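Colleague: Give the three-dimensional model of this entry:
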Amino acid sequence: MGIFLIGLVVVLGIVLLIVLVVGGMGVGIYNRLVALRNEYKNQFSQIDVQLKRRHDLIPNLIETAKGYMAHERGTLDEVVAARNGASAARQKAMTNPADPGAVQQVVAAEGVLSQSLGRLFAVAEAYPDLKANQNMLQLQNELTDTENRISFSRQAYNEAVRNFNTQREIFPNSLLAGIFNFAPATLFEISDPGDRDVPKVSFT
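Modeller: Prediction:
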């Protein structure tokens, strides 16, 4: 009887040890996934800062161009509409950067905005006085600088997303990711190669 009790205690001890080890691993994996998720959310907030700066520049750009491009109302309205759409998508995504659909909407809206800005600057080539306007030149420089910052922020965000997705997919992390609903994060990728280019206009 004594040997049986000793054996039972040993078995229970081993089981308890296994439970503690597995539980400790589970806690470690969970905390790691939380940290990586918070990291890519933080990186998305850096993109958001630069996108907001871009959106804030556009009203001044439109006001400056409007004085010279009275016959290009359609082009100007197109930029305004694209800017408003991009701003709305950005604000929605910031409420939950872990929502893949919201991030994809931001990417699509920013692509539309880049295309409309490109058309605006192409049309502006036909207006010499606008090309010589110092305010327009300054806004163009600020917009180019902002586009470069967006590019760097996007790279950092995508790296954080890849790190998170890799960790949530490997075993045994994938088990906890499913249990605790760690959904895969979405890359901030530009599908149209033309949208990767910073909108430019030569005022020389």
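Colleague: Give me the secondary structure label for residue 70.
Modeller: Of the three states, residue 70 takes coil under DSSP: H, G, I helix; E, B strand; the rest coil.
Colleague: For it, give me phi and psi.
Modeller: Main-chain dihedrals, residue 70, degrees, to the nearest 10: phi -60, psi -30.
Colleague: Kindly report the same for residue 184.
Modeller: phi -60, psi 140.
Colleague: got the contact list for it?
Modeller: By CB atoms under 8 Å, 6 or more residues apart in numbering, the residues touching residue 184 are 100, 165, 168-169. C-beta here means a position set from N, CA and C on the backbone, and glycine is covered the same way.
Colleague: quick one: pLDDT of it?
Modeller: We have a pLDDT of 93 for residue 184.
Colleague: now swap in residue 23 and tell me
Modeller: So residue 23 comes in at 69 (pLDDT).
Colleague: Check residue 58 too.
Modeller: At residue 58, pLDDT is 94.
Colleague: mind listing the helices for this structure?
Modeller: Per DSSP state H, the chain carries helices over the ranges 2-66, 73-95, 100-124, 128-131, 134-169, 173-179.
Colleague: of the contacts of residue 184, buried ones?
Modeller: 165, 168 (16 or more other CB atoms under 10 Å).
Colleague: Any chance of TSV for the contacts of residue 184, columns distance to residue 159 and pLDDT?
Modeller: Formatted as TSV, the contacts of residue 184 follow (distance: CB to CB, whole Å; pLDDT from 0 to 100):
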residue	distance to residue 159	pLDDT
100	17	88
165	11	96
168	15	94
169	16	93
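Colleague: returning to what we had before: tell me which of the helices of the chain sits nearest to residue 190.
Modeller: Residue 190 sits nearest to helix 100-124 of all the helices of the chain, at 6.4 Å, using CB to CB.
Colleague: Mind checking the pLDDT average for stretch 5-19?
Modeller: 71.
Colleague: hmm, I was thinking of stretch 75-90
Modeller: Rounded mean pLDDT across stretch 75-90 is 95.
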